[in-house]
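Colleague: Predicted coordinates and the sequence they were generated for:
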Amino acid sequence: MSRIGKKTIVLPDTVNTIINNSVISVQGPKGELSYKLSPLITIKNVNNTLLLQKVNQSKESQIQYGLSRTLVNNMVIGVSQGFNKKLEIQGVGYRAQTDGNNLILNVGYSHPVIINPPEQIFIKVENNTNIIVSGINKELVGQIAAKIRQIRPPEPYKGKGIRYVEEIVKRKVGKAGK
């Protein structure tokens, strides 16, 4: 049984929702997002709270119930507060910089790696080694952060590479000398 789907979504005062058939649009101070719900789920706006309900008791509707509630809740949080992921670069000579909205990474390759994020995502660099990816869409923020990390993941021997701020990289012992 989904316990997540049963929770109501409380809307802040600055957030407006428009429900049109199975499409929900959420507008807030940071922007606007919309999502098409599954036909197995219905949604109602009652006294500044959103309630999701299953159409029937099938397994597929049970699966969509919790997922839809989480996606709509992330939309509400995104348009009111926004999301961000923080990455850090470790390694001698590794650095990052921005050129407009593009991110330029120098991480040990013979050429700089340029990342052009979507228009909803903003990338900020602090101290040449800290990268902050922010936006209103949680999925896109996480996807762009993972794409940046994938360019040079942290290696286990020296720990060089791009990692999330709180990420713990298990270190390995190097060669045993005679």
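Modeller: Now that the structure is in, tell me what you want to look at. All values reported here derive from a predicted model rather than from experimental measurement.

Colleague: Just the buried residues of stretch 82-99, please?
Modeller: Gly82, Phe83, Lys85, Leu87, Glu88, Ile89, Gly91, Tyr94, Ala96 (16 or more other Cβ atoms under 10 Å). From N, CA and C alone the C-beta is placed, and that goes for glycine too.

Colleague: Then stretch 49-68?
Modeller: Leu50, Leu52, Lys54, Ser61, Gln62, Gln64, Tyr65, Gly66, Leu67, Ser68.

Colleague: quick one: low-confidence ranges for the protein?
Modeller: Residues of the chain meeting the criterion pLDDT under 70: 1-2, 178.

Colleague: Could you pick out the longest helix of it?
Modeller: helix 59-80 (DSSP state H).

Colleague: Give me the sheet partners of the top strand by length along the chain and which way each runs.
Modeller: Criterion DSSP state E: the longest strand present in the chain is strand 83-90. Paired strands of strand 83-90, with direction, are strand 130-135 (antiparallel), strand 161-164 (antiparallel) (DSSP bridges).

Colleague: Disregarding flanking residues, what is the spatial nearest neighbour of Ser134?
Modeller: Nearest non-adjacent residue to Ser134, counting by Cβ to Cβ, 6 or more residues apart in numbering: Asn84, 3.9 Å away.

Colleague: residue contacts, the one you found?
Modeller: Residues counted as contacts of Asn84 (Cβ atoms under 8 Å, 6 or more residues apart in numbering) are Ile132, Val133, Ser134, Gly135, Val141.

Colleague: Filter those residues down to the buried ones and hand me the ChimeraX line.
Modeller: Filtering the contacts of Asn84 down to the buried ones (16+ other Cβ under 10 Å) takes a single ChimeraX command:
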select :133,134,135,141
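
Colleague: Now do the longest strand of the chain against helix 59-80: the angle between them, please.
Modeller: 80 degrees (axes from the mean of the first three to the mean of the last three Cα atoms, to 10 degrees).

Colleague: Past strand 83-90, which element shows up next along the chain?
Modeller: Of the helices and strands lying after strand 83-90 in sequence (DSSP states H and E), the nearest is strand 95-99.

Colleague: partners of the helix or strand that comes right after that following strand in the sheet?
Modeller: Counting by DSSP H and E, the next helix or strand C-terminal to strand 95-99 is strand 102-106. If you go by DSSP bridges, strand 102-106 pairs up with strand 95-99 (antiparallel), strand 113-115 (antiparallel).
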